[in-house]
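> I'll drop the sequence and a predicted model, then ask my questions.
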Amino acid sequence: MMTTAYNIERYHLIDSMPPGTTGQSFRAWDSKTRQTVVLKQLVTAPELLNFRTSGHFRNFSVEFKYECDLLAHLNHPNIVATYDAGFTAQGVPFVATPYLNRARAITRAAQAMHMAGRLRLFWQLVSAVDYLHRHGVIHRNLKPTNVLVDRGRVHVVDVGLGVSPVSVPKAERRGVAPELLMGRSPSVQSDLYALGCLGYGMLVGDVDVASCAAGHVDVWATGLDYKLAAILDELLDCRPHRRYASTAQVLEDLRRVDEY
């Protein structure tokens with residue numbers, strides 16, 4: 001059980017990392033476990049954070065604590081563990097996770113691989129999200145910088161730490177499901193759309209996936225294997241009810257792809 005208030009002096013900051021949509025991350029030394037970790041401080045206003053339990057509690061501190069306790073019990077080889085969470089002396093919430101010293105965004109890592117290698121990465125990613133969904137957790141913020149690859153292994157980070165899409169600058173809305181931009185709540189289907197965007201970026205190349213909302217992404221013109229194109233086409237459908245019903249179905253179709 002993680003404490004609701006933690007003395008941040010346990011962590012010695014080494015240097016800062018690129019900022020994200022929910023906060024600022026630092027490489028830090030954990031004096032208790034004697035290892036390097038990523039310490040993320042959530043600087044986003046509480047009302048803009050999009051937790052699974054948003055609105056269930058009147059007190060943000062209780063809500064944050066509850067969310068972190070849920071995440072601490074997740075156990076999957078492709079999901080980054082939550083080591084610790086709490087609040088600084090100034091009341092800023094933080095989360096401590098493993099530091100991956102050779103990590104690259106999944107789309108960048110895929111560029112250096114042949115198709116079979118790219119498919120193995122995509123399989124790991126879909127398997128991780130399937131695990132989350134089977135445990136009642138929506139990721140809410142799947143994007144290249146939240147899916148890292150280190151030594152050939154996928155690591156999904158920032159699980160459950162999403163923000164309201166309408167509060168994110170337009171330039172950073174790549175991969176956001178169209179229905180979220182219309183004010184709907186995150187769902188399995190919105191995660192599936194994000195998987196389609198990541199899959200397209202990995203298997204085809206970079207694309208302004210935001211144009212999918214207008215139906216401008218034609219996966220059939222990419223030269224992909226027919227079975228792969230069909231998977232991406234269904235994931236990227238702008239209508240949530242026309243996407244896959246579950247990640248388990250995506251995994252089943254991936255098993256039928258010849259290159260895999």
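Sure, I can see it.

> which stretches of this structure have low pLDDT?
For the chain, residues meeting the criterion pLDDT under 70 lie at 1-7, 21, 44-58, 161-174, 206-216, 259-260.

> tell me the centre residue of it?
For the chain, the residue nearest the mean C-alpha position is Leu142 (3.3 Å; Cα atoms, centre = their mean).

> number of nearby residues for the closest residue to it other than its chain neighbours?
The shortest distance from Leu142 to any non-neighbouring residue, by Cβ to Cβ, 6 or more residues apart in numbering, is to Ala194 (3.7 Å). For glycine as for every other residue, the C-beta is placed from the backbone atoms N, C-alpha and C. The tally of other residues near Ala194 (other Cβ atoms under 10 Å) stands at 27.

> try Gly136
8.

> tell me how far it lies from Val188.
To Val188, Gly136 is 10 Å away according to Cβ to Cβ, to the nearest Å.

> and for Ala128?
The gap separating Ala128 from Val188 is 14 Å, by Cβ to Cβ.

> who has more neighbours out of the two?
The residue with more neighbours, out of Ala128 and Val188, is Ala128; 24 against 17, by other Cβ under 10 Å.

> wait, what's in contact with the more buried one?
His76, Asn78, Ile79, Val154, Val156 (Cβ atoms under 8 Å, 6 or more residues apart in numbering).

> could you redo the last one with a cut-off of 10 Å?
If you count contacts by Cβ atoms under 10 Å, 6 or more residues apart in numbering, Ala128 has them with 74, 76-80, 139, 142, 147, 154-156, 159, 247.

> could you do Leu39 as well?
So Leu39 contacts 8, 10-14, 17, 23-30, 83-84, 88, 94-97, 99 (Cβ under 10 Å, 6+ apart).

> and these, which are buried?
Among the contacts of Leu39, the ones that count as buried by 16 or more other Cβ atoms under 10 Å are 8, 10-11, 23-26, 28-30, 83-84, 88, 94-97, 99.

> now the helices for the stretch 101-250 of the chain?
Taking DSSP state H, counting those that start in this stretch, the helices of the stretch 101-250 of the chain run over residues 106-111, 115-134, 178-181, 188-203, 226-235, 247-254.

> quick one: closest of these to Gln35.
For Gln35, the closest of those is helix 115-134, at 22.7 Å, according to Cβ to Cβ.

> quick check: buried residues in that closest one?
For helix 115-134, burial by neighbour count (16+ other Cβ under 10 Å) applies to 115, 118-133.

> cool, and stretch 140-156?
Neighbour-count burial for stretch 140-156, counted by 16+ other Cβ under 10 Å, picks out 140-149, 154-156.

> now do stretch 33-45
By neighbour count on 16+ other Cβ under 10 Å, the buried set for stretch 33-45 is Val37, Val38, Leu39, Lys40, Gln41, Leu42, Thr44.

> contacts only, for the residue nearest to Leu142.
Ala194 neighbours (Cβ under 10 Å, 6+ apart): 129, 139-143, 146-147, 174-177, 180, 186, 209, 235-236.

> and the contacts of Ala128, which is closest to Gly201?
Nearest to Gly201 among the contacts of Ala128: Val147, at 10.1 Å, using Cβ to Cβ.

> and the buried residues of stretch 140-156, which two are furthest apart?
Checking those with Cβ to Cβ, the most distant pair is Arg140 and Val149, at 20.8 Å.

> grab the nearest non-local neighbour of Ala85.
Leaving aside its sequence neighbours, Ala85 sits nearest to Cys68 (Cβ to Cβ, 6+ apart; 3.8 Å).
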